[in-house]
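**Student:** Have a look; sequence and predicted model below, questions after that.
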Amino acid sequence: MSSLTPKQLKQYEDEGYVSPIKVLSKNETKEIREEIEIIEKKWPNELDGLGRNYIHLISPVFDKVCHNLKILDAVESIIGKNILICGTTLFVKNPNEEGFVSFHQDAKYIGLEPYNWVTAWVAITDANKKNGCMKMWAGSHKEDLKYHNQKFDENNLLTRGQTVENVPISETKPVVLKAGQMSLHHPKIVHGSEINKSKDRRIGFVIQSYIGTNVDQVLGKMYVQLARGEDSFKYHKHVKRSLNLMSEKDVLLRKKANEELSNIFYNGAKKIGKF
Ligand SMILES: O=C(O)CCC(=O)C(=O)O
């Protein structure tokens, strides 16, 4: 089922993103935040660095978000009915920390081709201008991939600090979301976010990305799950859904998936960053 209205689809086509879309209840976002905080307390460092990725492979709570029907209905409107979950990343910005995300295009280093994929950014806390919500350069998805400077700034939450320069900041649009809402963005839209100046955490759970089954990974192997439809292309490694938090088997699988993801993200890089 496709759920985006013609108006929402037009926003996606014209601007390269669509928001806000309500997908989770207050209770669900509370449970998700608690899951993060349980992991941080019981298994310190598990979610640091590379550990930000593929959390849905070790947590049934995050697994459930990836397979959420409201999210999938919206995603289907954009990429069609054969959908894979290709990866997830937690973007957490804590108060009194300097984390930011430089302006970039997701498609630049991720190796997913063709661009029949979309990224879902799910707000687990509110995201607003004060706590560093994403900012979109609307319409930039219609242009080619741009040159990215590789800056490796230690506060940049991107692997290589990849940065598109000369973005017209005053024209960018903030993606303000309430906890439980999401935005969907195009592989080529230029976007970034500033530091969190609030007194609480800003937490985004990002499914990056939902891909059509026709999308290949040209730089390595991704660990995917079928979310909807069928996968007749079989380009990727299919893995089981998580049933128990931090099961030994899942932790090992996630480690392997993250090592391979790191090889993809740093393909051709001169240096390895923090993430
Ligand atoms: O969470 C952020 O501020 C940026 C996330 C991002 O760049 C992405 O989801 O592609």
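**Tutor:** Received the coordinates, thanks.
**Student:** burial of residue 9, as a residue count?
**Tutor:** 14 (other CB atoms under 10 Å). (C-beta placed from N, C-alpha, C; glycine too.)
**Student:** mind listing what the spatially most central residue of the chain touches?
**Tutor:** The centroid of the chain falls nearest to residue 206 when counting by CA atoms, centre = their mean (2.9 Å). If a contact means CB atoms under 8 Å, 6 or more residues apart in numbering, then residue 206 has 88-91, 119-122 as its contacts.
**Student:** Kindly list the main-chain dihedrals of the closest residue to residue 60 other than its chain neighbours?
**Tutor:** Leaving aside its chain neighbours, residue 60 sits nearest to residue 242 (5.2 Å; criterion: CB to CB, 6 or more residues apart in numbering). Dihedral pair for residue 242: phi -80, psi 130, per degrees, to the nearest 10.
**Student:** returning to what we had before: for the contacts of residue 206, I'd like a selection string for PyMOL - just the buried members, please.
**Tutor:** Buried residues within the contacts of residue 206, by 16 or more other CB atoms under 10 Å, are selected in PyMOL with:
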select buried, resi 88+89+90+91+119+120+121+122
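**Student:** all strands of the stretch 101-250 of the chain, in order?
**Tutor:** Taking DSSP state E, counting those that start in this stretch as the criterion, the stretch 101-250 of the chain carries its strands at 101-104, 112-113, 117-123, 134-137, 149-150, 162-163, 173-174, 181-185, 190-193, 202-212, 216-217, 223-228, 237-238.
**Student:** in its sheet, what does the last one sit against?
**Tutor:** As defined by DSSP bridges, the strand partners of strand 237-238 come to strand 223-228 (parallel).
**Student:** got it, and the fourth one?
**Tutor:** For strand 134-137, the paired strands and their directions (DSSP bridges) are strand 173-174 (antiparallel), strand 190-193 (antiparallel).
**Student:** Also the third one?
**Tutor:** On the basis of DSSP bridges, the sheet neighbours of strand 117-123 come out as strand 181-185 (antiparallel), strand 202-212 (antiparallel).
**Student:** Figure out how far that strand is from the centre of its chain.
**Tutor:** Strand 117-123 sits 6 Å away from the centroid of its parent chain (CA atoms, centre = their mean, to the nearest Å).
**Student:** repeat for the second one
**Tutor:** Relative to the centre of its chain, strand 112-113 is centred 15 Å away, using CA atoms, centre = their mean.
**Student:** Let me see the mean pLDDT of it.
**Tutor:** Here strand 112-113 scores 97 as its mean pLDDT.
**Student:** Could you do the third one as well?
**Tutor:** pLDDT averaged over strand 117-123 equals 98, rounded to a whole number.
**Student:** got it, and the fourth one?
**Tutor:** Rounded to a whole number, the mean pLDDT of strand 134-137 is 98.
**Student:** ok, and what's touching that strand?
**Tutor:** Strand 134-137 is contacted by residues 15-17, 101, 103, 121, 127, 167-169, 171-175, 183, 185, 189-194, 204 when judged by CB under 8 Å, 6+ apart.
**Student:** ok, and of the residues you listed, which contact the ligand?
**Tutor:** Restricting those to those near the ligand by CB under 6 Å from any ligand atom leaves 101, 121, 191, 193, 204.
**Student:** Count the residues that sit near the closest residue to the third one other than its chain neighbours.
**Tutor:** In other words, residue 191. Once flanking residues are discounted, residue 191 sits nearest to residue 136: 4.9 Å by CB to CB, 6+ apart. As a burial measure, residue 136 scores 25 neighbours (other CB under 10 Å).
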